[in-house]
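Asker: Structure, please.
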Amino acid sequence: MTAPTPLAGGDQIFRRAPDGTETLIARYLRYTEPDGSHAFRWALSPRLSAADKAYYRGLIQQAAASVQAAGG
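Answerer: The predicted structure follows:
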């Protein structure tokens, strides 16, 4: 890819095992906030273990902080 593209609703993150099988980690979904506005957030797969959820939640937070620091 030569230029970054913005995330779109429905985008997904997968983990690929050495044997090629893929596990859904998260989807980028649109949520309605209490004030009626809309925001997109990553929704972790309910099939993940508690440890995996904590791990990927941390990675998503780190990535969001990096994007914000870069002005995005």
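
Asker: When you work out contacts or count neighbours from here on, use the C-alpha atoms and nothing else.
Answerer: OK.

Asker: Please name the residues that touch the residue most central in space within the chain.
Answerer: Geometric centre of the chain, nearest residue: residue 42, 3.9 Å, by Cα atoms, centre = their mean. Residues counted as contacts of residue 42 (Cα atoms under 8 Å, 6 or more residues apart in numbering) are 26, 27, 28, 29, 60.

Asker: Against residue 37, how distant is the last one?
Answerer: Note on residue 60: its distance to residue 37, by Cα to Cα, to the nearest Å, is 22 Å.

Asker: So which of the two has more stuff around it?
Answerer: residue 60 (15 against 8; other Cα atoms under 10 Å).

Asker: Phi and psi next, for the more buried one.
Answerer: Per-residue torsions, residue 60: phi -60, psi -40 (degrees, to the nearest 10).

Asker: Residue 39: which element?
Answerer: Per DSSP states H and E, residue 39 falls inside strand 38-44.

Asker: ok now that strand, how far from the chain's centre?
Answerer: Strand 38-44 sits 8 Å away from the centroid of its parent chain (Cα atoms, centre = their mean, to the nearest Å).

Asker: what's the answer for stretch 34-47, then?
Answerer: 10 Å.

Asker: can you pull the alpha-carbon coordinates of it into CSV?
Answerer: The C-alpha atoms that make up stretch 34-47 are tabulated as CSV, following Å, rounded to 0.1, in the frame of the first residue of the first chain:
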residue,chain,number,x,y,z
PRO,A,34,-26.0,8.6,24.6
ASP,A,35,-26.2,12.1,23.1
GLY,A,36,-27.4,10.7,19.8
SER,A,37,-24.1,11.2,18.0
HIS,A,38,-22.3,8.3,16.3
ALA,A,39,-18.8,7.0,16.8
PHE,A,40,-16.8,4.0,15.5
ARG,A,41,-15.1,1.7,17.9
TRP,A,42,-13.4,-1.7,17.8
ALA,A,43,-15.6,-4.5,19.2
LEU,A,44,-13.6,-7.5,20.3
SER,A,45,-14.8,-10.9,19.3
PRO,A,46,-16.8,-12.6,22.1
ARG,A,47,-15.0,-15.8,21.3
